[in-house]
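Colleague: Below are the sequence and a predicted model for it; my questions follow.
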Amino acid sequence: MKFKHAFRAISRKGFFSLLLIIQLVFCFYSIYENLNLNQKISLETKKIEKYFKNKKVYTLKAPNLFGRDVDMSKLNEAFNKLYSNSNYEFLKIDIGSISIKSFKDFEQFKAYDFQVEKEYFLAKNITLDKNYFKNYPVKVKYGRLFNDEEYKVNYKRDRTIPILVGSNYSKYFKVGDEIPIDPSIGKGKGQIIGILEENQYSPGNVIQPNLKYLNLNNYIITTELVFEEDYYKNLFAFNGNYIMFDNSIEEYEIQNYLNDIKETFNSIPHLNVGTRDLTKYIEAESSLFKAQREITFTTAISIIIFVCVTLIITLLNSINKRKKEFGIHIMCGGKLLDIAAITYLQILIIFVNSYLISVAFIYFQYKADINFHILSMEFIIMLFISIATAVLPVIKIFNLNLSELIKGDE
C-alpha cells in the first residue's frame with residue numbers, strides 16, 4: 001500500500017520525475033566510470049611499481065632498418081658491451097609472432113590473420129633474453145625455465161628450439177611435446193620445456209598501449225635461439241629493449257651513459273642508432289585515467305548535488321502543501337512513520353529506476369567487460385544518497401503536530 005501511494009505521488013509530477021531520472025541516469029553512469037577509472041589507475045600504478053619502481057627507463061632505437069652491409073661481429077660486440085656495463089641494466093624483448101603448425105581451436109593464439117604456409121599460423125610470440133627473466137621472473141606450473149645453454153644462439157637448420165608456453169596451451173600440449181615451427185630459413189621444431197602458471201604478466205612494448213603489459217596465457221616464449229642468423233637476431237633487438245637506470249643516478253650521468261651507447265653503435269658503418277626516454281609512455285595511461293577520473297567525478301558530484309537539492313526542496317514544499325491530507329491520514333489511524341516511509345519510497349523509486357536504466361546503458365557499452373563489483377558498490381552508493389536525500393523531509397514530517405496538519409492547506 002505504501003508503495004502504491006509513493007508511486008501515485010511520483011505520477012502526479014510525471015514530467016518533473018522524468019527529468020530527475022534522466023539526470024540521475026547520467027549521474028550513475030558517471031559514478032560507474034569514475035569507479036572504473038579508479039580501478040584502472042590502481043592497477044596501472046601497481047604495474048608501474050612492480051616493473052619500473054625507482055627506475056628511469058630508456059630504449060635503443062634504429063630509426064631506419066639496417067642492411068646486411070652492417071658488420072654483425074661489431075654489432076654483437078656493441079650489444080655485449082651493454083650487457084657488461086654495471087651502471088645500468090640492458091635487456092631485450094621482441095614481441096611478434098612465430099609460425100607453428102595449426103591445431104584444434106588455435107584461433108585464440110593467433111597474432112595475425114596472415115598465413116605464411118598451409119597448415120601453419122602465426123602464433124603470439126615473445127623473444128626474451130636472460131636479463132629479462134632476471135628482472136621480471138615468471139612462474140612455471142609444469143616443467144622448467146630456460147637454462148644458460150638455451151640462451152645461446154645456434155644456427156643449425158635442424159635445431160630443436162626450447163619454448164615456454166602460456167597456461168592456455170596446457171589444454172592442448174604437455175611438457176616434452178614438440179610443435180613444428182616454420183622459420184624463414186629451414187623447418188625446425190619447438191619443444192615445450194615449461195608451461196606457465198595462469199595469468200603471468202610481463203611488461204611489453206610500453207610505447208604501444210595494447211602491448212604495454214602482456215598477459216602471457218596465449219604466448220609462446222622463446223630465446224634468441226629461435227633466430228636463424230645474427231642479422232635477424234640484431235635486427236629484432238631494436239624492436240624492443242630496455243636500458244634501465246636506478247633513480248639515484250643523476251640526469252647528467254644518464255645522458256653521458258646514453259651518449260656513450262650511441263657513440264658505440266654509431267661508430268659501426270651504415271648504422272644509425274638513437275635512444276628514447278620511455279618515462280612519458282610508462283606514465284601516459286595513468287595520467288590519462290586520472291584526467292578522465294577528475295572529469296567524471298566532478299560531473300557526478302555536480303549532478304548529485306543539483307538533483308538532491310531539487311528533490312529535497314520539492315518534497316519539503318510538497319509536505320507544506322499536503323498538511324491537511326496528512327492530518328486526515330492521522331485521524332484515520334495512520335502514523336507519521338507511514339508518511340515518512342511513503343516519502344522515502346518516492347525517493348527510492350526514482351533512484352532505483354535511474355540506477356537500473358544506467359545499468360542497461362553501461363551493459364550496452366561494456367557487455368562482457370562490465371564490472372559487477374563496481375555495480376554493487378554503486379548500488380550501495382545509490383542507497384546511501386537516497387537515505388541522505390530523505391533526511392530533511394523525514395525530519396520535517398516527524399516535527400509536524402496534529403493541529404498544524406488539520407489547519408494545513410491542500
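Modeller: Yes, it's here.
Colleague: Quickly find the element holding Tyr242.
Modeller: Using DSSP states H and E, Tyr242 sits in strand 241-246.
Colleague: Point out the other helices and strands that that strand packs with.
Modeller: strand 55-61, strand 89-101, helix 251-266 (3 or more Cβ pairs under 8 Å, 6 or more residues apart in numbering; DSSP states H and E). Every residue, glycine included, has its C-beta placed from N, CA and C.
Colleague: Next, find the distance separating the residue nearest to Leu164 when sequence neighbours are not counted from Asn247.
Modeller: Spatial nearest neighbour of Leu164, excluding adjacent residues (Cβ to Cβ, 6 or more residues apart in numbering): Ile221 at 4.0 Å. Distance from Ile221 to Asn247, counting by Cβ to Cβ, to the nearest Å: 29 Å.
Colleague: Between these two, which is the more surrounded one?
Modeller: Ile221 (25 against 8; other Cβ atoms under 10 Å).
Colleague: The more buried one contacts Ile163, doesn't it?
Modeller: Yes. With contact defined as Cβ atoms under 8 Å, Ile221 reaches Ile163; the gap is 6.5 Å.
Colleague: in the helix or strand harbouring Phe28, what counts as buried?
Modeller: For Phe28, the host element (DSSP H and E) is helix 14-52. Neighbour-count burial for helix 14-52, with 16 or more other Cβ atoms under 10 Å as criterion, is recorded at 17, 20-21, 23-38, 40-41, 44, 47-48, 51-52.
Colleague: same thing with stretch 103-110?
Modeller: Result for stretch 103-110 [16+ other Cβ under 10 Å]: buried residues 109-110.
Colleague: Export that stretch to PDB, keeping only CA atoms.
Modeller: Extracted in PDB, the C-alpha atoms of stretch 103-110 (Å, rounded to 0.1, in the frame of the first residue of the first chain):
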ATOM      1  CA  PHE A 103      45.900 -27.500 -34.100                       C
ATOM      2  CA  LYS A 104      42.400 -27.600 -32.800                       C
ATOM      3  CA  ASP A 105      40.900 -24.300 -31.500                       C
ATOM      4  CA  PHE A 106      44.100 -22.400 -32.300                       C
ATOM      5  CA  GLU A 107      42.300 -19.100 -33.000                       C
ATOM      6  CA  GLN A 108      42.900 -17.600 -29.600                       C
ATOM      7  CA  PHE A 109      46.600 -17.900 -30.000                       C
ATOM      8  CA  LYS A 110      46.800 -16.100 -33.400                       C
END
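Colleague: what sits up against it?
Modeller: 121-124, 168-169, 171-172, 218, 220 (Cβ atoms under 8 Å, 6 or more residues apart in numbering).
Colleague: Give me the buried entries from those.
Modeller: Of the contacts of stretch 103-110, these count as buried by 16+ other Cβ under 10 Å: 121-124, 168-169, 218, 220.
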